[in-house]
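K.L.:
Have a look; sequence and predicted model below, questions after that.
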Amino acid sequence: MIIARRRSRIAVVELFGVIGSSVRRAVYGRIFDDIRRNRAIRALVVDIDSPGGSAMDSEYIHMSLSKIAATRPVVAFIGGMGASGGYMAGCAAHRVVAMPGSLVGSIGVISARPVLQSLLERMGVSVSVSKSAPMKDMGAFYREPTPDEEARMQALVDELYESFVAKVAAARGMTDEQARLHATGEVFTGRRALEMGLVDELGDLDRAIEVAAGMAGLPVPERPHYVRARRPLRARLFGSYGASLADTLMEEAERRLMDRVFYLPPGWGV
């Protein structure tokens with residue numbers, strides 16, 4: 001990654017795309033860790049345009065940003081979508097700035113997986129399984145879930161939901177009950193999110209940078225320093241479109257074959 005020059009005191013990190021796919025935990029974890037250790041960076045602006053994604057990776061991004069927020073000002077800017085896991089990332093910031101028409105919220109959890117049992121039976125395919133415990137193949141695509149498995153998965157979703165609500169309540173100065181009223185899974189415009197207390201003010205990226213500079217006691221920079229990950233080899237060889245297509249295909253294949261838990265808004269293909 002590229003670290004800011006010493007005279008560049010306000011860093012901007014772009015959090016664009018699905019968390020766990022375009023926004024990879026290992027890559028952004030290193031970026032945020034390097035920013036936290038770089039004393040020349042006095043404030044951070046996180047530019048968010050994400051529908052969320054993997055629950056585990058969203059939690060990791062939130063924790064990484066929280067560590068930075070413990071040492072210096074962090075401002076989140078939602079210019080497009082800051083939904084579900086994307087909004088969770090913004091909850092690690094001290095202030096959240098959103099465009100009036102941006103999409104904010106979708107506080108909730110979803111778990112989905114394909115069940116191919118009927119298809120496999122029609123094709124004459126059976127699956128032989130040896131396992132060490134009854135739940136070892138919980139979520140398998142080749143059979144229907146048992147009632148006990150469904151109950152356990154719902155308990156997992158409920159636990160993650162409670163954790164998400166607690167993060168929102170702590171970040172926005174709400175009680176759990178107040179945060180839960182907004183945790184319906186739906187998205188809101190930035191203007192509506194301001195009325196609900198989910199964001200602090202309306203504005204553009206320049207305004208978010210102004211807020212960060214003011215919190216750090218710094219003049220507003222003419223050009224903030226963007227901290228970006230190095231392009232992966234696939235992108236360098238095939239260009240951004242080819243790399244994006246490859247990532248999308250791999251992510252879709254993984255979703256179809258595995259049971260995963262997501263912080264995603266309704267209609268995002270899980």
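P.N.:
Received it, and whenever you're ready, just let me know what you need.
K.L.:
Other residues contacting the strand or helix carrying residue 57?
P.N.:
Following DSSP states H and E, one finds residue 57 within helix 55-69. Helix 55-69 is contacted from outside by 15, 19-20, 23-25, 28-29, 32-33, 35-36, 44, 46, 52, 74, 84-86, 88-89, 91-94, 109, 160, 163, 167, 260-263, using CB atoms under 8 Å, 6 or more residues apart in numbering. C-betas here are computed from N, CA, C, even on glycine.
K.L.:
With stretch 197-209 instead?
P.N.:
The contact list for stretch 197-209, computed with CB under 8 Å, 6+ apart, reads 10, 12, 45, 47, 75-79, 87, 95-100, 104-105, 168, 172-174, 178, 182, 188, 190-191, 193-194, 211, 220-221, 224.
K.L.:
avg pLDDT for the helix holding residue 57?
P.N.:
Throughout helix 55-69, pLDDT has a mean value of 95.
K.L.:
need the next SSE after that helix, C-terminal direction.
P.N.:
strand 74-83.
K.L.:
Who are the packing partners of the very next helix or strand once past that following strand?
P.N.:
Toward the C-terminus, strand 74-83 is succeeded by helix 85-90 as the next helix or strand (DSSP H and E). Helix 85-90 is packed against strand 43-50, helix 55-69, strand 74-83, helix 147-172, strand 260-263, with contacts defined by 3 or more CB pairs under 8 Å, 6 or more residues apart in numbering; DSSP states H and E.
K.L.:
so how far is helix 85-90 from its chain's centroid?
P.N.:
5 Å (CA atoms, centre = their mean, to the nearest Å).
K.L.:
next one: stretch 158-173
P.N.:
Worked out by CA atoms, centre = their mean, stretch 158-173 lies 14 Å from the chain centre.
K.L.:
quick one: contacts of that stretch?
P.N.:
55, 59, 62, 87-88, 91-93, 107-109, 174-176, 178-180, 182-183, 197-198, 261, 263.
K.L.:
Just the buried residues of those.
P.N.:
Buried subset of those (neighbour count, 16 or more other CB atoms under 10 Å): 55, 59, 62, 87-88, 91-93, 107-109, 174, 178-180, 182-183, 198, 261, 263.
K.L.:
Show me which helix or strand of the protein is least confident by mean pLDDT.
P.N.:
Every helix and strand of the chain was ranked by mean pLDDT, DSSP states H and E. The lowest is helix 233-257, at a mean of 52.
K.L.:
hang on, isn't residue 98 packed against residue 83?
P.N.:
No: using CB atoms under 8 Å, residue 98 is not in contact with residue 83, being 11.5 Å away.
K.L.:
list residues touching both of these two?
P.N.:
residue 104.
K.L.:
How many residues are close by residue 186?
P.N.:
Neighbour count for residue 186, taken as other CB atoms under 10 Å: 14.
K.L.:
Then the one 3 residues further on?
P.N.:
For residue 189, the neighbour count with other CB under 10 Å is 17.
K.L.:
any idea of the pLDDT on it?
P.N.:
Reported pLDDT for residue 189: 96.
K.L.:
I figured it hits residue 101, correct?
P.N.:
Yes: using CB under 8 Å as the test, residue 189 is close enough to residue 101 to be in contact (5.9 Å).
K.L.:
low pLDDT regions in the stretch 101-250 of the chain?
P.N.:
Counting by pLDDT under 70, the stretch 101-250 of the chain shows low-confidence ranges at 230-250.
K.L.:
Let's see that with 90 instead.
P.N.:
108-154, 156-158, 221-225, 228-250 (pLDDT under 90).
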